[in-house]
Structures are given as C-alpha cells and as structure tokens.
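[1] no sequence for this one, just the structure:
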C-alpha cells in the first residue's frame, strides 16, 4: 500500500470478548493517524494500556500482567519509535503472543490516514515526524518520512485484523468504532450529588440546580435535626405544590438530555443539586432524581447518588 493510498475501514465484525482468558489488542499505525487517541479510548473502556515499550519486552510484560496481575484486557501500543529503538522482530514477538494466548485472543488494530491529512495534521500541531528526528539520508522531508514509516510498519499492517482510516473521523466516531469492535458496552455513570452552597459549588459538576427557592424545613424546629431522606421531611414538602413542580421540571430535563451523553465521548456526568446547607431540600431532590432516573434512563446509564455534606448533618 502506498503512502498516499486511501484506506477503507475494514468491515466491522464486533469482537465478542472471550468468556475466559485474556484479550490482547496490539495497536499500531502511522504517526499522526490517531494511535494515541485509540489507546486512550481503550483505556477508558477498561483496557490496561502499554505504549512504546521495546518489542523485546512486550511478551514478558504481557505475561507478567496477565498471569501475575490478573489483567484480562491488554492493549499494546507499537509504532515506528518502538521498531526503530529495538532490533527485535515484530513477527517473532507476534508469534510468541499467538502461541501464548491463542489466535482468537490476540488481534491487531492498525490506524492510518491519507497522506494529505497526515501532512496537514503535522503542520497544524507543528510536531516533528519521529523519523525526521534521526539521521537518515533517505528522509528528506515529511512525505518521504511517511513513506519510510509505511514500509517499516508493513509487517504490522499486513497482519491487521482491522484497519481504521481516521481521515474523516472525529473523536466521537472513532470511539464508537473502537468500542463496537472490542465489543464493549457504551456506559456512562451519572452521579447525582446533593450539596450546600455555603460550603461551595462542586467544581466538577456538569449540571447545577439551585433549589434554595423551595420552602426550607430548617425553620421547623422538629424537622431541623432531620434530613431530606426522612419521611417527616417528605411529608412537609408534600404541602407545597412548587416542590412537586420543581421535581418534575428537573426530572424531565435530565431524562431528555442525559441519554445524549452516550454519544458524546463521556464516561461520567455529575448532576449537582444544591440548597443552603445540603441537608434537606437538595437531599430530598437528589434522592428523588436517583430513584426515578434509575428506572427511566437507558440501561447503559448507571445512576448513583451521593450527599456531599453528610458529615455536617449532625451540626
């Protein structure tokens, strides 16, 4: 395959994870094509990632991690830096991994892009191609470096189980492609967090709902020691229609928009609900949202509830 040849993404037959044993995925590709992004995606999907390790150490490292460390999903990054720095043969290392784990447990993912796209990416980032940083009389410019790299990586690309051309892919599309191939579920954890504004707004919140406008049980002496989890506080709120309206308004908004994050390259979303002290109103609303969203959201979304100011509740 020439350096400027457009590569069509291989037909995707989602790889169903093995019911036992180890899943070893070798990830390689041309510089600037997105190999590092793929490794980051795999790490988010639960893979233990090793990048740019000398070839001669790969099989021993894989054995150590899988046998002694209990790692079941392993992604090994191999690129031109690895090949240039180590005289070991990739074919020999690949055969060793196949013999150790079996051909159904070891796959190669090769990432590439059209030459014009690679040149544009290097120009945009102002990074130097790895082969241009070494003394090689054959490397006169960036196109010649890309050609040389393509030839050097041929033992890997020739054995690839899937080749991904990232020329027209954004990061979200790339994530979906990788996720589908490895057979990983697309999951998001939604953390519903109650808090008190007097202790500060959570800096990691994606959504912040201020419910201080609602009636405050704190001013009822018999409820002051209670929390939003107590039935007496729930009975208090039942007397105020605006509490129910607030509950439903927030629920409808979250129920409509949280599923969109499944297609937005996200893994966690924090929904913060705040009142003055984080004891009554915010806790009551957070518990309600946790209960109803757990039932209404798609199964790929896991909902959890936390109360940040719990340590202050006895004060």
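    That came through fine. Owing to the predicted nature of the structure, the values given are computational and were not obtained by experimental measurement.
[2] could you look up the SS state of the residue of the chain most remote from its centre?
    In the chain, residue 221 marks the outermost C-alpha relative to the chain mean, sitting 47.2 Å out by CA atoms, centre = their mean. Secondary structure for residue 221, judged by DSSP: H, G, I helix; E, B strand; the rest coil, is coil.
[3] can you pull the contacts of it?
    With CB atoms under 8 Å, 6 or more residues apart in numbering as the criterion, no residue contacts residue 221. (C-beta placed from N, C-alpha, C; glycine too.)
[4] next up, the contacts around residue 268.
    By CB under 8 Å, 6+ apart, the contact list for residue 268 reads 188, 189, 190, 191.
[5] give me that answer again for 6 Å
    The contact partners of residue 268, taken as CB atoms under 6 Å, 6 or more residues apart in numbering, are residue 189.
[6] and for residue 261?
    188, 269.
[7] hang on, it in a strand?
    No - checked against three-state DSSP, residue 261 lies outside a strand; its state is helix.
[8] and it, how far from residue 46?
    Distance of residue 261 to residue 46, computed by CB to CB, to the nearest Å: 18 Å.
[9] one more: residue 22?
    Taking CB to CB, one finds residue 22 at 13 Å from residue 46.
[10] what about those two, which has more around it?
    residue 22 (21 against 13; other CB atoms under 10 Å).
[11] look at residue 242 and give its secondary structure.
    helix.
[12] swap in the one 10 residues further on?
    When classified by three-state DSSP, residue 252 comes out as helix.
[13] number of residues surrounding it?
    When counting by other CB under 10 Å, one arrives at 10 neighbours for residue 252.
[14] any idea how far it lies from residue 296?
    As judged by CB to CB, residue 252 and residue 296 stand 10 Å apart.
[15] give the buried residues for the helix or strand containing residue 176.
    Here residue 176 sits within helix 171-182, counting by DSSP states H and E. For helix 171-182, a neighbour-count test (16 or more other CB atoms under 10 Å) marks 174, 175, 176, 177, 178, 179, 181, 182 as buried.
[16] of those residues, just say which sits nearest to residue 101.
    Nearest to residue 101, judged by CB to CB, of the buried residues of helix 171-182 is residue 182 at 15.5 Å.
[17] may I see the buried residues of stretch 159-170?
    Quick answer for stretch 159-170 (16+ other CB under 10 Å): 159, 160, 162, 163, 164, 165, 166, 167, 169.
[18] identify those among those that sit within strands.
    Per DSSP state E, strands hold the following members of these: 162, 163, 164, 165.
[19] quick check: nearest residue in space to the residue nearest the centre of the chain, chain neighbours excluded?
    The chain has residue 44 as the residue nearest its centroid, 3.3 Å off, counting by CA atoms, centre = their mean. Ranked by CB to CB, 6 or more residues apart in numbering and with sequence neighbours excluded, the top spatial neighbour of residue 44 is residue 267, at 5.8 Å.
[20] for residue 32, give me phi and psi.
    Phi and psi for residue 32, reported as degrees, to the nearest 10, are phi 90, psi 0.
[21] that one touches residue 119, doesn't it?
    No - the criterion here is CB atoms under 6 Å, and residue 32 misses it with residue 119 at 8.5 Å.
[22] so between these two, which is more surrounded?
    With neighbours defined as other CB under 10 Å, residue 32 and residue 119 compare such that residue 32 has more, 25 against 18.
[23] what's that one in contact with, if anything?
    By CB under 6 Å, 6+ apart, residue 32 lies in contact with 118, 121, 122.
[24] which one of those residues sits closest to residue 132?
    Residue 132 has its nearest neighbour among the contacts of residue 32 in residue 122, at 9.4 Å by CB to CB.
[25] check which helix or strand covers that closest one.
    Taking DSSP H and E as the criterion, residue 122 maps to helix 115-125.
[26] which SSE is immediately downstream of that helix?
    helix 142-152.
[27] what packs against that following helix?
    Secondary-structure packing of helix 142-152 (3 or more CB pairs under 6 Å, 6 or more residues apart in numbering; DSSP states H and E): helix 115-125.
[28] for the helix it packs on, buried residues please.
    Using 16+ other CB under 10 Å as the burial criterion, the residues of helix 115-125 that qualify are 115, 117, 118, 119, 121, 122.
[29] which of those residues sits closest to residue 154?
    Looking across the buried residues of helix 115-125 and measuring by CB to CB, the closest to residue 154 is residue 115, at 15.7 Å.
[30] how close does the closest one sit to residue 23?
    In this view, residue 115 and residue 23 are 32 Å apart by CB to CB.
[31] and if you look at residue 263?
    Distance from residue 263 to residue 23, by CB to CB: 25 Å.
[32] who's more crowded, those two?
    Taking other CB under 10 Å, residue 263 and residue 23 do not tie; residue 23 has more neighbours (21 against 12).
[33] how many residues are close by the nearest residue to that one once chain neighbours are set aside?
    Distance criterion CB to CB, 6+ apart; nearest residue to residue 23, sequence neighbours excluded, is residue 73 at 5.0 Å. Look at residue 73: counted by other CB under 10 Å, it has 20 neighbours.
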